[in-house]
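> the amino acid sequence is not available; the structure is as follows:
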(Lines give C-alpha, C1' and ligand atoms only; values in the text may rest on other atoms or scores of the structure.)
Protein backbone atom coordinates (compact mmCIF):
# COMPACT_ATOMS: atom_id res chain seq x y z
CA UNK A 1 0.00 0.00 0.00
CA UNK A 2 1.60 3.21 -1.17
CA UNK A 3 1.72 6.13 1.25
CA UNK A 4 0.79 9.64 0.28
CA UNK A 5 2.90 12.64 1.31
CA UNK A 6 2.62 14.74 4.45
CA UNK A 7 5.67 13.33 6.25
CA UNK A 8 4.16 9.88 6.78
CA UNK A 9 7.18 7.93 5.51
CA UNK A 10 8.25 7.15 9.06
CA UNK A 11 4.88 5.70 10.12
CA UNK A 12 4.90 2.25 11.83
CA UNK A 13 5.66 -0.92 9.91
CA UNK A 14 1.94 -1.68 9.91
CA UNK A 15 1.68 0.58 6.88
CA UNK A 16 4.15 -1.27 4.65
CA UNK A 17 3.25 -2.90 1.35
CA UNK A 18 1.73 -6.34 0.91
CA UNK A 19 4.19 -9.22 0.33
CA UNK A 20 5.14 -9.75 -3.34
CA UNK A 21 3.62 -12.50 -5.43
CA UNK A 22 0.11 -12.89 -6.82
CA UNK A 23 -2.28 -14.84 -4.57
CA UNK A 24 -4.21 -17.78 -5.98
CA UNK A 25 -7.97 -17.59 -6.13
CA UNK A 26 -9.68 -19.48 -3.33
CA UNK A 27 -10.89 -22.95 -4.36
CA UNK A 28 -14.08 -22.07 -2.47
CA UNK A 29 -15.38 -19.81 -5.27
CA UNK A 30 -17.72 -22.46 -6.66
CA UNK A 31 -19.20 -23.27 -3.25
CA UNK A 32 -19.56 -19.59 -2.32
CA UNK A 33 -21.33 -18.82 -5.60
CA UNK A 34 -23.61 -21.84 -5.06
CA UNK A 35 -24.55 -20.59 -1.59
CA UNK A 36 -25.29 -17.11 -2.93
CA UNK A 37 -27.43 -18.52 -5.73
CA UNK A 38 -29.40 -20.74 -3.34
CA UNK A 39 -30.08 -17.77 -1.07
CA UNK A 40 -31.15 -15.63 -4.05
CA UNK A 41 -29.23 -12.75 -2.54
CA UNK A 42 -26.96 -10.02 -3.84
CA UNK A 43 -23.64 -10.56 -2.06
CA UNK A 44 -20.22 -8.93 -2.10
CA UNK A 45 -17.22 -10.87 -0.81
CA UNK A 46 -13.64 -9.73 -0.22
CA UNK A 47 -11.34 -12.36 1.23
CA UNK A 48 -7.56 -12.76 1.65
CA UNK A 49 -5.52 -15.17 3.73
CA UNK A 50 -2.89 -13.53 5.93
CA UNK A 51 -0.12 -15.51 4.24
CA UNK A 52 -1.16 -13.80 1.00
CA UNK A 53 -1.65 -17.09 -0.86
CA UNK A 54 -5.41 -17.03 -1.36
CA UNK A 55 -7.97 -14.40 -2.16
CA UNK A 56 -11.51 -14.15 -3.47
CA UNK A 57 -13.43 -11.14 -4.75
CA UNK A 58 -17.09 -11.18 -5.72
CA UNK A 59 -18.68 -7.79 -6.46
CA UNK A 60 -16.02 -6.46 -4.10
CA UNK A 61 -16.01 -2.91 -5.51
CA UNK A 62 -19.76 -2.33 -5.32
CA UNK A 63 -20.40 0.67 -3.06
CA UNK A 64 -22.89 0.71 -0.18
CA UNK A 65 -23.62 3.06 2.75
CA UNK A 66 -20.78 2.96 5.27
CA UNK A 67 -21.79 2.45 8.92
CA UNK A 68 -19.82 4.43 11.54
CA UNK A 69 -17.62 1.40 12.41
CA UNK A 70 -16.19 1.48 8.88
CA UNK A 71 -15.33 5.19 9.03
CA UNK A 72 -13.71 4.71 12.43
CA UNK A 73 -11.07 2.36 11.04
CA UNK A 74 -9.15 4.87 8.86
CA UNK A 75 -9.55 7.51 11.58
CA UNK A 76 -7.77 5.19 14.03
CA UNK A 77 -5.11 4.22 11.49
CA UNK A 78 -4.37 7.87 10.69
CA UNK A 79 -4.11 8.71 14.40
CA UNK A 80 -1.52 6.00 15.02
CA UNK A 81 0.33 6.87 11.80
CA UNK A 82 0.77 10.47 12.91
CA UNK A 83 1.86 9.29 16.36
CA UNK A 84 4.39 6.95 14.78
CA UNK A 85 5.71 9.79 12.62
CA UNK A 86 6.17 11.99 15.69
CA UNK A 87 3.56 14.52 14.56
CA UNK A 88 1.55 14.06 17.73
CA UNK A 89 1.57 11.99 20.90
CA UNK A 90 -1.23 9.67 21.91
CA UNK A 91 -1.00 11.27 25.34
CA UNK A 92 -1.82 14.71 23.87
CA UNK A 93 -5.20 15.99 25.02
CA UNK A 94 -8.18 17.71 23.42
CA UNK A 95 -11.16 19.28 25.12
CA UNK A 96 -14.39 17.33 24.81
CA UNK A 97 -17.16 19.37 23.18
CA UNK A 98 -20.39 18.68 21.33
CA UNK A 99 -20.62 21.28 18.61
CA UNK A 100 -19.27 20.56 15.13
CA UNK A 101 -19.23 22.06 11.66
CA UNK A 102 -20.38 19.60 9.01
CA UNK A 103 -17.60 18.63 6.61
CA UNK A 104 -20.31 18.23 3.96
CA UNK A 105 -21.90 21.71 4.02
CA UNK A 106 -20.46 23.66 6.95
CA UNK A 107 -23.68 23.65 8.99
CA UNK A 108 -23.37 23.37 12.77
CA UNK A 109 -24.69 20.23 14.44
CA UNK A 110 -24.80 18.61 17.86
CA UNK A 111 -24.95 14.94 18.71
CA UNK A 112 -27.75 13.49 20.81
CA UNK A 113 -26.28 11.42 23.67
CA UNK A 114 -29.38 9.21 23.63
CA UNK A 115 -28.60 8.06 20.09
CA UNK A 116 -24.89 7.40 20.79
CA UNK A 117 -23.66 3.94 21.75
CA UNK A 118 -21.34 5.54 24.33
CA UNK A 119 -23.02 8.10 26.56
CA UNK A 120 -20.21 8.29 29.14
CA UNK A 121 -18.03 10.61 27.05
CA UNK A 122 -20.72 13.33 27.16
CA UNK A 123 -20.14 13.57 30.92
CA UNK A 124 -16.65 14.89 30.12
CA UNK A 125 -17.75 17.88 28.00
CA UNK A 126 -15.46 20.79 28.85
CA UNK A 127 -12.73 18.49 30.17
CA UNK A 128 -9.49 17.34 28.48
CA UNK A 129 -9.08 13.76 27.26
CA UNK A 130 -6.02 12.00 25.83
CA UNK A 131 -6.12 11.05 22.15
CA UNK A 132 -5.48 7.39 23.03
CA UNK A 133 -8.48 7.39 25.39
CA UNK A 134 -10.59 9.13 22.78
CA UNK A 135 -9.70 6.42 20.26
CA UNK A 136 -10.61 3.77 22.83
CA UNK A 137 -14.05 5.36 23.21
CA UNK A 138 -14.46 5.44 19.43
CA UNK A 139 -13.39 1.87 18.70
CA UNK A 140 -14.25 -0.13 21.83
CA UNK A 141 -17.46 1.72 22.64
CA UNK A 142 -18.47 2.86 19.14
CA UNK A 143 -18.64 6.50 20.27
CA UNK A 144 -19.89 8.89 17.59
CA UNK A 145 -18.76 11.86 19.69
CA UNK A 146 -15.21 10.48 19.89
CA UNK A 147 -15.15 9.88 16.12
CA UNK A 148 -16.18 13.45 15.35
CA UNK A 149 -13.66 14.86 17.84
CA UNK A 150 -10.87 12.86 16.18
CA UNK A 151 -11.97 13.88 12.67
CA UNK A 152 -11.80 17.52 13.82
CA UNK A 153 -8.40 17.05 15.50
CA UNK A 154 -6.69 15.12 12.69
CA UNK A 155 -8.31 16.97 9.79
CA UNK A 156 -10.61 15.39 7.25
CA UNK A 157 -8.12 15.78 4.38
CA UNK A 158 -5.45 13.79 6.23
CA UNK A 159 -7.96 11.01 6.90
CA UNK A 160 -9.07 11.01 3.26
CA UNK A 161 -5.46 10.74 2.14
CA UNK A 162 -4.97 7.82 4.50
CA UNK A 163 -8.03 6.14 2.98
CA UNK A 164 -6.61 6.61 -0.50
CA UNK A 165 -3.29 5.13 0.62
CA UNK A 166 -5.06 2.03 1.96
CA UNK A 167 -7.22 1.52 -1.16
CA UNK A 168 -8.14 4.30 -3.61
CA UNK A 169 -11.88 4.89 -3.72
CA UNK A 170 -12.62 2.08 -1.30
CA UNK A 171 -14.17 4.33 1.36
CA UNK A 172 -15.74 7.72 0.68
CA UNK A 173 -15.65 10.03 3.73
CA UNK A 174 -18.17 12.71 2.82
CA UNK A 175 -19.57 13.66 6.23
CA UNK A 176 -18.79 13.07 9.89
CA UNK A 177 -20.96 10.99 12.19
CA UNK A 178 -23.79 13.49 11.90
CA UNK A 179 -27.40 13.13 13.11
CA UNK A 180 -29.92 12.38 10.41
CA UNK A 181 -32.34 15.15 9.51
CA UNK A 182 -35.69 14.96 7.68
CA UNK A 183 -35.23 15.49 3.94
CA UNK A 184 -31.44 15.62 4.37
CA UNK A 185 -29.98 16.03 0.89
CA UNK A 186 -26.35 15.53 1.93
CA UNK A 187 -24.64 12.46 0.47
CA UNK A 188 -23.79 9.56 2.76
CA UNK A 189 -20.39 8.00 3.40
CA UNK A 190 -19.91 4.90 1.29
CA UNK A 191 -17.59 1.93 1.22
CA UNK A 192 -16.93 -1.30 -0.63
CA UNK A 193 -16.06 -4.78 0.57
CA UNK A 194 -12.55 -4.42 -0.90
CA UNK A 195 -12.04 -1.04 0.76
CA UNK A 196 -12.99 -2.45 4.15
CA UNK A 197 -10.75 -5.49 3.64
CA UNK A 198 -7.69 -3.34 2.93
CA UNK A 199 -8.11 -1.45 6.20
CA UNK A 200 -8.40 -4.68 8.20
CA UNK A 201 -5.55 -6.26 6.24
CA UNK A 202 -3.29 -3.37 7.22
CA UNK A 203 -3.98 -4.00 10.90
CA UNK A 204 -3.78 -7.79 10.65
CA UNK A 205 -0.42 -7.78 8.85
CA UNK A 206 1.00 -5.30 11.31
CA UNK A 207 -0.04 -7.46 14.24
CA UNK A 208 1.43 -10.54 12.54
CA UNK A 209 4.71 -8.63 12.23
CA UNK A 210 4.57 -7.90 15.99
CA UNK A 211 4.08 -4.17 15.46
CA UNK A 212 3.10 -2.47 18.72
CA UNK A 213 0.79 0.06 17.07
CA UNK A 214 -1.10 -2.66 15.22
CA UNK A 215 -1.43 -4.77 18.35
CA UNK A 216 -2.90 -1.83 20.23
CA UNK A 217 -5.36 -1.02 17.45
CA UNK A 218 -6.49 -4.64 17.08
CA UNK A 219 -6.85 -4.75 20.85
CA UNK A 220 -9.33 -1.87 20.68
CA UNK A 221 -11.28 -3.77 18.03
CA UNK A 222 -11.20 -6.90 20.17
CA UNK A 223 -12.74 -5.04 23.09
CA UNK A 224 -15.53 -3.87 20.78
CA UNK A 225 -16.08 -7.46 19.64
CA UNK A 226 -16.76 -8.58 23.19
CA UNK A 227 -20.01 -6.61 23.15
CA UNK A 228 -21.16 -8.09 19.83
CA UNK A 229 -22.86 -11.46 19.26
CA UNK A 230 -20.57 -13.92 17.43
CA UNK A 231 -21.43 -15.22 13.98
CA UNK A 232 -23.13 -18.60 14.12
CA UNK A 233 -20.52 -21.33 14.43
CA UNK A 234 -17.64 -18.83 14.54
CA UNK A 235 -15.85 -18.02 17.83
CA UNK A 236 -15.44 -14.33 18.77
CA UNK A 237 -12.38 -12.66 17.23
CA UNK A 238 -11.06 -9.11 16.87
CA UNK A 239 -13.47 -7.62 14.40
CA UNK A 240 -15.68 -4.83 13.33
CA UNK A 241 -19.18 -6.04 12.65
CA UNK A 242 -22.06 -3.66 12.40
CA UNK A 243 -25.35 -3.90 10.54
CA UNK A 244 -26.23 -1.25 8.02
CA UNK A 245 -29.59 0.02 9.15
CA UNK A 246 -31.29 -0.33 5.81
CA UNK A 247 -33.89 -2.94 4.94
CA UNK A 248 -32.31 -6.06 3.51
CA UNK A 249 -28.66 -4.99 3.90
CA UNK A 250 -26.16 -6.37 6.39
CA UNK A 251 -22.42 -6.67 6.56
CA UNK A 252 -19.74 -8.36 8.55
CA UNK A 253 -16.01 -7.70 8.50
CA UNK A 254 -13.42 -9.50 10.58
CA UNK A 255 -9.89 -10.69 11.12
CA UNK A 256 -10.16 -14.43 11.69
CA UNK A 257 -7.34 -16.08 13.63
CA UNK A 258 -6.58 -19.79 13.82
CA UNK A 259 -4.46 -22.35 11.91
CA UNK A 260 -5.13 -20.44 8.68
CA UNK A 261 -5.82 -16.77 9.58
CA UNK A 262 -7.62 -14.58 7.08
CA UNK A 263 -9.47 -11.31 6.61
CA UNK A 264 -12.98 -11.38 5.19
CA UNK A 265 -15.72 -8.87 4.42
CA UNK A 266 -19.18 -10.05 3.38
CA UNK A 267 -22.03 -7.72 2.42
CA UNK A 268 -25.51 -9.19 1.92
CA UNK A 269 -28.30 -7.37 0.11
CA UNK A 270 -31.79 -8.52 -0.76
CA UNK A 271 -32.46 -10.62 2.36
CA UNK A 272 -34.84 -8.95 4.79
CA UNK A 273 -34.57 -11.56 7.54
CA UNK A 274 -31.50 -10.96 9.69
CA UNK A 275 -31.33 -14.64 10.73
CA UNK A 276 -31.10 -15.73 7.09
CA UNK A 277 -28.34 -13.18 6.44
CA UNK A 278 -26.41 -14.39 9.48
CA UNK A 279 -26.70 -18.02 8.38
CA UNK A 280 -25.53 -17.21 4.86
CA UNK A 281 -22.51 -15.28 6.17
CA UNK A 282 -21.55 -18.21 8.43
CA UNK A 283 -21.81 -20.68 5.52
CA UNK A 284 -19.64 -18.48 3.29
CA UNK A 285 -17.02 -18.08 6.03
CA UNK A 286 -17.00 -21.85 6.58
CA UNK A 287 -16.52 -22.48 2.84
CA UNK A 288 -13.60 -20.03 2.70
CA UNK A 289 -11.97 -21.64 5.75
CA UNK A 290 -12.43 -25.10 4.24
CA UNK A 291 -10.76 -23.87 1.07
CA UNK A 292 -7.69 -22.89 3.12
CA UNK A 293 -7.62 -26.27 4.87
CA UNK A 294 -7.70 -28.03 1.50
CA UNK A 295 -4.37 -26.47 0.50
CA UNK A 296 -2.41 -28.11 3.35
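Done, it's in. Just so you know, these numbers come straight off a predicted model, no measurement behind them.

> now the strands: where do they sit in the stretch 151-296 of the chain?
Applying DSSP state E, counting those that start in this stretch to the stretch 151-296 of the chain gives strands spanning 171-172, 190-191, 239-240, 249-256, 262-269.

> which one of these lies closest to residue 67?
strand 249-256 (7.5 Å; Cβ to Cβ). C-beta: built from backbone N, CA, C; applies to glycine.

> tell me which other helices or strands that closest one touches.
Of the remaining helices and strands, those touching strand 249-256 by 3 or more Cβ pairs under 8 Å, 6 or more residues apart in numbering; DSSP states H and E are strand 64-65, helix 193-208, strand 239-240, strand 262-269, helix 274-293.

> figure out which of those is closest to residue 178.
Across these, residue 178 has its closest neighbour in strand 64-65 (13.3 Å, Cβ to Cβ).

> in JSON lines, list the strands of the stretch 151-296 of the chain along with mean pLDDT.
Listed next are the strands of the stretch 151-296 of the chain as JSON lines, based on pLDDT from 0 to 100:
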{"stretch": "strand 171-172", "mean pLDDT": "90"}
{"stretch": "strand 190-191", "mean pLDDT": "90"}
{"stretch": "strand 239-240", "mean pLDDT": "40"}
{"stretch": "strand 249-256", "mean pLDDT": "80"}
{"stretch": "strand 262-269", "mean pLDDT": "92"}
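
> and those: which comes nearest residue 118?
Taking Cβ to Cβ, strand 239-240 is the member of the strands of the stretch 151-296 of the chain nearest to residue 118, at 15.2 Å.

> nearest to residue 24, of the helices and strands packed on strand 249-256?
Among the helices and strands packed on strand 249-256, helix 274-293 comes nearest to residue 24, with 10.1 Å by Cβ to Cβ.

> quick one: the closest one to strand 262-269, angle?
Calculated by axes from the mean of the first three to the mean of the last three Cα atoms, to 10 degrees, helix 274-293 forms an angle of 150 degrees with strand 262-269.

> neighbouring contacts of helix 274-293?
By Cβ atoms under 8 Å, 6 or more residues apart in numbering, the residues outside helix 274-293 that reach it are 26-28, 31-32, 35-36, 39, 41, 43, 45, 47, 49, 54, 56, 231-234, 243, 250, 252, 256, 258-260, 262, 264, 266, 268, 271.

> kindly supply the ChimeraX command isolating those of those that are buried.
Buried residues within the contacts of helix 274-293, by 16 or more other Cβ atoms under 10 Å, are selected in ChimeraX with:
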select :26,27,28,31,32,35,36,39,41,43,45,47,49,54,56,231,234,250,252,256,260,262,264,266,268,271
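
> so which of the contacts of helix 274-293 sit within helices?
31-32, 35-36, 39 (DSSP state H).

> which one of the residues you listed is nearest residue 218?
Distances from residue 218 to the ones in helices among the contacts of helix 274-293, taken by Cβ to Cβ, are shortest for residue 32, at 26.0 Å.

> ok, now which ones touch that closest one?
26, 45, 56, 58, 284, 287-288.

> tell me which two in the residues you listed are the farthest apart.
Greatest spatial distance among the contacts of residue 32 (Cβ to Cβ): 58 and 287, at 11.9 Å.

> closest to the centroid, which residue in this protein?
residue 70 (3.7 Å; Cα atoms, centre = their mean).

> run a quick neighbour tally on the nearest residue in space to that residue that is not next to it in sequence.
Nearest non-adjacent residue to residue 70, counting by Cβ to Cβ, 6 or more residues apart in numbering: residue 191, 4.9 Å away. Residues near residue 191, counting by other Cβ atoms under 10 Å, number 29.
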